[in-house]
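Trainee: Make a model of this:
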Amino acid sequence: MPLPLTPITQSARQTYDEGIIDACLSHDASQDEKKRNIWIVDALGLQPVSLIDNNNVEQTALVH
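Mentor: Numbers count the residues shown, from 1 in each chain. Down below sits the predicted model:
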């Protein structure tokens, strides 16, 4: 059975761009590659969504 999710309210953990970088697993990429990933995600109309489990572990996915 899936764990219940707790929505983030006032204090977001990541910015929009950081969410995309996290979802694309491009933390160690060059700045140019990070910018390219952000451009591609925007062009596809995707949005980063972060889910936090009961252990306070955050996972980010891209949705449309």
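Trainee: mind listing what the spatially most central residue of the chain touches?
Mentor: Among the residues of the chain, the one closest to the centroid is residue 19, at 2.7 Å (C-alpha atoms, centre = their mean). Applying C-beta atoms under 8 Å, 6 or more residues apart in numbering, we find residue 19 in contact with 48-50, 60. (Each C-beta comes from the backbone N, C-alpha and C, glycine too.)
Trainee: mind checking pLDDT for it?
Mentor: What the model reports as pLDDT for residue 19 is 92.
Trainee: Distance of it relative to residue 50?
Mentor: With distances taken as C-beta to C-beta, to the nearest Å, residue 19 is found 6 Å from residue 50.
Trainee: tell me, what's touching the two both at once?
Mentor: Shared contacts of residue 19 and residue 50 (C-beta under 8 Å, 6+ apart): residue 60.
Trainee: re earlier: top of the contacts of residue 19 by number of neighbours, please.
Mentor: Ranked by neighbour count (other C-beta atoms under 10 Å), the contacts of residue 19 have residue 48 at the top, with 21 neighbours.
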